[in-house]
Each structure stands twice: as structure tokens, then as C-alpha cells.
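Novice: Okay, predicted coordinates and the sequence, questions at the end:
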Amino acid sequence: MDIVIEKLNEIRQRPGMYLGKKSLILLAAYINGYVCRECELNNNFESRFSDFNEYVKRRFNIESGQDWLKIILFNSSTEEDAVNLFYKLLDEFFIEKAKSIDSQIREMMYTFGSSITKQECRTIKVRHFTDHGDPERFSVPHDHDVVWYPDNTFSYNPPTNYYDDVPEF
């Protein structure tokens, strides 16, 4: 798993333990430090988080050189609200990214004459790193099987919760 995403999910669960308090500025500093250290250890290090800045700019229709931290802080009333907004946007970012990858794979399989149809090359399971505000119903993380319908829409089955050991995805 991507170490930056892993750390972001750990911090989501216990921000006070990692940051001292729920603060987007402290979260950004922590993650930037982690990324710098990973880059020192591995020249080819790349995180799935690296496109997040462009997503936030696009989401808020920002064309200036502002980074995700400043944009989210500007759109939040408190540091705590900013952290909540950050994680909401992070979840949306990964959902969009998953849909894009799904679409690219289906198109590639179709374009190159594979015997697999576009409908057969779909996401069948998703992992959420949030309790959706309902910790009694959802563990962090939890998985959902994806159910596809003939009109190319989908829905999620009830969650598969993990309270102890979390399997590889």
C-alpha cells in the first residue's frame, strides 16, 4: 500500500496522537515531511496522493498557483472543519480516480480487441477509509462489493467490516 495514504488513514483515526490536535496545517506538515523522507530513501517514490492538489484546484475551480492546503483553509471556518473537509475531498478524489482508471482499462481492453467486453472489466469491490459518520455500522476500513446494473449504473452491497486484521486489497 502507498505509505502516504496509509499514514493519512492512520491520522484520520487518531489525529491527536499524530498531530497533537486536529489541524490541517499540522497534517500538511506531517505529510510533507513524510513525503520528503520517502523521496530521500527512494528516488522513484511516487504517491497516489500526488494528484490531490490538482483535484482540489479543479473541484473549487481555482486556476492560480494556490495549493490544496490554502484552498481548503479558505473554504473552512475552523482548523477542525478544514481537516474534515480535507478527508471528504480525499475520499472523493479516490472515488474519481478509481472511476477514471476503470474507464481507461475498459476502453483499452475494448480498443485492443480483447475478448473481454467493457461490461466485464469493472470494479467489483471498493475499500472505504471512513466510517461515514456512523462508527457502529462501518469499520475503518471496510469493503463493499459493487453491484452493476444493465444500464451501467451501480450500487454497493452492505459493508464487510474489519475490526481486527485487515486483509490486503
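Specialist: Yep, that arrived. Numbers count the residues shown, from 1 in each chain.
Novice: what's around the residue lying closest to F93 once chain neighbours are set aside, how many residues?
Specialist: Once flanking residues are discounted, F93 sits nearest to Y55: 4.6 Å by Cβ to Cβ, 6 or more residues apart in numbering. In short, each C-beta sits where N, CA and C put it, glycine included. Each residue near Y55 was counted by other Cβ atoms under 10 Å, and the total is 17.
Novice: what separates Y55 from P150, distance-wise?
Specialist: 31 Å (Cβ to Cβ, to the nearest Å).
Novice: One more: Y34?
Specialist: Where P150 is concerned, Y34 sits at a distance of 44 Å (Cβ to Cβ).
Novice: So between those two, which is more surrounded?
Specialist: The residue with more neighbours, out of Y34 and P150, is Y34; 17 against 6, by other Cβ under 10 Å.
Novice: My guess is the more buried one contacts E6. True?
Specialist: No: look at Y34 against E6 with Cβ atoms under 8 Å: they stay out of range, at 9.9 Å.
Novice: those helices in the protein, which residues are they?
Specialist: Assigned by DSSP state H, the helices in the chain fall at 3-13, 15-19, 24-41, 52-59, 68-74, 79-111.
Novice: With distance to N161 and mean pLDDT added, can I get those in TSV?
Specialist: Listed next are the helices of the chain as TSV, based on distance: least, Cβ to Cβ, whole Å; pLDDT from 0 to 100:
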stretch	distance to N161	mean pLDDT
helix 3-13	14	85
helix 15-19	22	89
helix 24-41	26	86
helix 52-59	27	90
helix 68-74	29	93
helix 79-111	17	75
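Novice: Can you add distance to H144 and give these back as a markdown table?
Specialist: Output for these, formatted as a markdown table (distance: least, Cβ to Cβ, whole Å):
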| stretch | distance to H144 |
| --- | --- |
| helix 3-13 | 17 |
| helix 15-19 | 25 |
| helix 24-41 | 26 |
| helix 52-59 | 22 |
| helix 68-74 | 27 |
| helix 79-111 | 12 |
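Novice: Just name the most buried of those helices.
Specialist: Most buried of the helices of the chain, by mean neighbour count (mean count of other Cβ atoms under 10 Å): helix 68-74, with a mean of 18.
Novice: ok, and for the longest strand along the chain, which residues are buried?
Specialist: With secondary structure taken from DSSP state E, the chain has its longest strand at strand 142-148. Buried residues in strand 142-148, defined by neighbour count with 16 or more other Cβ atoms under 10 Å: 142-144.
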